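> give me coordinates for this.
(2 chains)
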Amino acid sequence: MSAETSLRDHRRKILDRTSVFGMALCTALTVFVLLVILGYVIYRGASYISWGFLTSLPTPVGEGGGGIANALVGSLLVVAVASMMAIPIGVGAAIYLSEFQSGWLGRSVRFLADVLIGVPSIVVGLFAYALVVQPMKDFSAFSGSVAYAFIMIPIILITTQEALRLVPTSLREAALALGTPRWRMILSIVLPTARRALLTGLLLAVARALGEAAPMLFTAFGNPFWNTNLAKPMATVPLVIYRYAVAPYDDWHNQAWAAAFVLILVVLVVNVLTRLAFRSRVDD
Amino acid sequence: MDSEQRVLERPWWRFSFWQVGARIAHGSHVQKWGDRVFYNATRFLAIFIIILSGLLVLELVQDSWEAIQKFGLGFLVGTTWDPVAEVFGTLPTIVGTIAKCVIALTLAIPISLGSAIFLALYAPRWIRDPLSYLVELLAAIPSIVFGLWGLFVLVPIVRTLQIWLKSHFGWFPLFKGPAVYGVGVLAAGIMLAIMITPIITAVSRDLIRAVPRSQMEAMLALGATRWEAVWKAVLPYARTGLIGAIVLGLGRAIGETMAVTLVGGNAFKLMTSLFDPVHSMASQIASEFTEATYSLYVSSLIYVGLVLFGITVILSLLAQFLIWRLSRGRIGILE
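Numbering: from 1, shown residues only, chains lettered A, B, ... in the order given. Here you go, the predicted structure:
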C-alpha cells in the first residue's frame, strides 16, 4: 500500500468521524432549542401562575391581579363547538374512505385533506370571516369555531383513516360472516377496536386547535369581559397571549407567559397521552 | 352471540355511542335499510369536504374580487400600500416573505437533514426513540408560544448578533440597515428555521429509514466508509423525497403567522437589508385586518390571503408529489 492511498484512507476516516459528530451536533442543537424554549416558558409561567390567575377576569392595566378565566372558558367553548362540527364530518368521511369502495371520490377527498392540512391558519381565518362574520356583521365565537373546525377536519380525517386501517380485516369478515349488517359491523366492531388510535387523532386535532391564534384575530376577536354567548366576541387563550405580548406593560407580559405555560401544559399532556396510548397498543 | 346478548342486555346508560346505534337497529329487517342510510350519510360527509374546499376558494375569490378588478395582477408588483390614497400593491410583503423563508431554509436544511440522518441511521435505539419524540414535540408547540419566546428571548439575542455583524461585516450590502430593532427579517428567519426544523427532520427521517438497507450495505461491502455510503447511496436514493420534505417545510414557513407577526417587525417597505423590520404576507393580514375600514382595503388584504393560499397549495401539491414518488405510500407527515 503506497503512502498516498493510506493518506487518502486516513482522510476518509476522519471525514467519516467528523460527519457523525456533525450530525449528532445537529440533533443535539434541535433538542437543545426545544428544551430552552420549554424551559423558559415553564420558568416564566410557573413563577407567575396562581389559582387566582386561572379563576379571575382580566383587570385594567396597573390595577394588578387579573387572570384569564374568561379566555380559558372561551377557548374550551370555541373548541368544543368546533369539535362538534369537525368530529362527525372527519370521522364520517374517513369511514366512507376506508370502509366502502370509495373509488375516485375517496381518492380525491383524501387528496384534498392532504392539501387542506397545509393551508395557512390565517387563510382559514379569512375564510371563516367571509363565511360567517360578514353575513352576521359582527365578530363571534361561533365564527371562531368554524375556523377551528376547518383546521381540525383534515387532521381528524387523516388520523381516523390511519386508525381504521390498523383494524384487522379478519375482524370485519368475522362480523359480516355472522350476518351483521355492514353499518353495525363498523359501529360496534371496527370503531371500538380502533378507539385508542381514534381518540389519539381527535386529541391531536383538539390540541392543535387550542393553540391556534391566527384565525381567531378576526373571528372570535377576543373580549376582556365575561362572555358565554357564541354570537358575541369571545376571548381565547392564544389571543390573550398575543394581545398581552404586543402591549407595552410588564404585568401583561407576565400574564402572557403564564397563559403560554397553560397552553404548553395542555399540549404536553396531550402528547404524552398519545405517546402512552401508542406504546401500550404496541405492547398488546 | 353470547357477548352480543350481554351487550344488548346492558341498561341504556352503559352503552357507548356506537352501541346505542347498534341497539336501535337490532333486527334483520332494518339491515339493508340501515346499510343504505349509513353508506349515504358517510358518502355525503365525504362530499361535504369537497364542497367545503370549493367554498373556501369561492369565498376567497369573491371577497377579493373588488381588489382583483381594480389592481389585477399589477397588485403583485405594486410597491405602494396606502390606505388613505386607496392604492394597494403587495410586492414588498412578497419579497419580505421570500427573504424570511430563504434564511429559514438556509439554516433549517443542513440542521434537519443532519438530525434526520443521525436519527435514522446512526443513533442507537435507546437514544433514537426519545430524541425523535422530543423533535416531534417541538413541532407541537403552538406558534404563538414560539412567537412569545421569540419576541422576548430571541429578539434581544438577534439584536446583539446584528450589532456584531454590522461592526465586522458592515460592508456586506445585506447588513447595511440599522442594527437597532432586533425584530426584522433576520429574527423572523431564525424563528421560522426553529419552527420548520422538526417537520423536515421527522419526514426526512422516515424517508431515510425507508431506503432499502441493501443500498447502504452494498456500498459498505465495497469498502466505503459509512459517511460515503450515506452520501453516495442513501441520500441520492431518497433525494426526491427529501426535496419534498423541504418543500413541505417551506409551505409551513410561508403560511406561518403569529410568530412572524411578533418578531418580523411589520413595516410595509421593500427590504434592502436583513435588519429591516418587514411585513410578510401572513403578518400583514394578521396585523391590519381588523383595522381595515373600507371594503377595498379588506378586499386587498383578502387578495393577499388568496395569493398566500395559492402559493401554499402549489407547494403542498409539489411536496406530496415528491414524497409520494419516493415512498409509494404514506409517510406520517402528521406525526
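> switch to C-alpha atoms for all contacts and neighbour counts from now on
OK.
> residue 257: neighbour count?
Chain wasn't specified; assuming chain A. If you count neighbours by other C-alpha atoms under 10 Å in any protein chain shown, A:Trp257 ends up with 27.
> my question was about chain B, not that one.
Using other C-alpha under 10 Å, B:Thr257 is surrounded by 30 other residues.
> check contacts around it.
A:Pro120, A:Ser121, A:Ile122, A:Ala214, B:Ser143, B:Ala282, B:Ser283, B:Ala286 (C-alpha atoms under 8 Å, 6 or more residues apart in numbering or on different chains).
> keep only those of those residues that are in strands.
If you go by DSSP state E, these have nothing in strands.
> pLDDT added to the residues you listed, as TSV?
TSV is the format used below for the contacts of B:Thr257 (pLDDT from 0 to 100):
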residue	pLDDT
A:Pro120	94
A:Ser121	94
A:Ile122	95
A:Ala214	93
B:Ser143	94
B:Ala282	94
B:Ser283	94
B:Ala286	93
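> what's the closest of those residues to A:Gly92?
Set against A:Gly92, the nearest of those by C-alpha to C-alpha is A:Ser121 (23.3 Å).
> the closest one against A:Pro215, yeah?
Yes: between A:Ser121 and A:Pro215 there is a contact under C-alpha atoms under 8 Å: 5.7 Å.
> between the two, who's got more neighbours?
A:Pro215 (31 against 26).
> which stretches of chain A have low pLDDT?
Filtered on pLDDT under 70, chain A yields the residue ranges A:1-3, A:278-284.
> which residues of the stretch 201-335 of chain B lie near chain A?
Neighbours of chain A within the stretch 201-335 of chain B, by C-alpha under 8 Å from any C-alpha of the partner chain: B:225-228, B:251-252, B:255-258, B:262, B:282, B:285-286, B:289-290, B:302, B:305-306, B:308-309, B:312-313, B:316-317, B:334.
> now do 7 Å
B:225-227, B:252, B:255-258, B:282, B:286, B:290, B:302, B:305, B:309, B:312-313, B:316-317 (C-alpha under 7 Å from any C-alpha of the partner chain).
> by neighbour count, which of the contacts of B:Thr257 wins?
Of those, with other C-alpha under 10 Å as the count, A:Ala214 tops at 31 neighbours.
> averaged pLDDT, stretch B:149-164. What do you get?
Averaged over stretch B:149-164, pLDDT sits at 93.
> residues of that stretch that come out buried?
By 16 or more other C-alpha atoms under 10 Å in any protein chain shown, the buried positions in stretch B:149-164 come out as B:Trp149, B:Gly150, B:Leu151, B:Leu154, B:Val155, B:Pro156, B:Val158, B:Arg159, B:Leu161, B:Gln162, B:Ile163.
> CA atoms only for the helix or strand containing B:Ser214 - export them in PDB, please.
Assigned by DSSP states H and E, B:Ser214 falls within helix B:213-221. Extracted in PDB, the C-alpha atoms of helix B:213-221 (Å, rounded to 0.1, in the frame of the first residue of the first chain):
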ATOM      1  CA  ARG B 213     -30.800  -1.400   3.700                       C
ATOM      2  CA  SER B 214     -29.200  -3.200   0.800                       C
ATOM      3  CA  GLN B 215     -28.300   0.200  -0.800                       C
ATOM      4  CA  MET B 216     -26.100   1.100   2.100                       C
ATOM      5  CA  GLU B 217     -24.800  -2.400   2.600                       C
ATOM      6  CA  ALA B 218     -23.600  -2.700  -1.000                       C
ATOM      7  CA  MET B 219     -21.600   0.500  -0.600                       C
ATOM      8  CA  LEU B 220     -20.100  -0.700   2.700                       C
ATOM      9  CA  ALA B 221     -19.200  -4.100   1.200                       C
END
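> buried sites along that helix?
So helix B:213-221, judged by 16+ other C-alpha under 10 Å, has buried residues B:Met216, B:Met219, B:Leu220.
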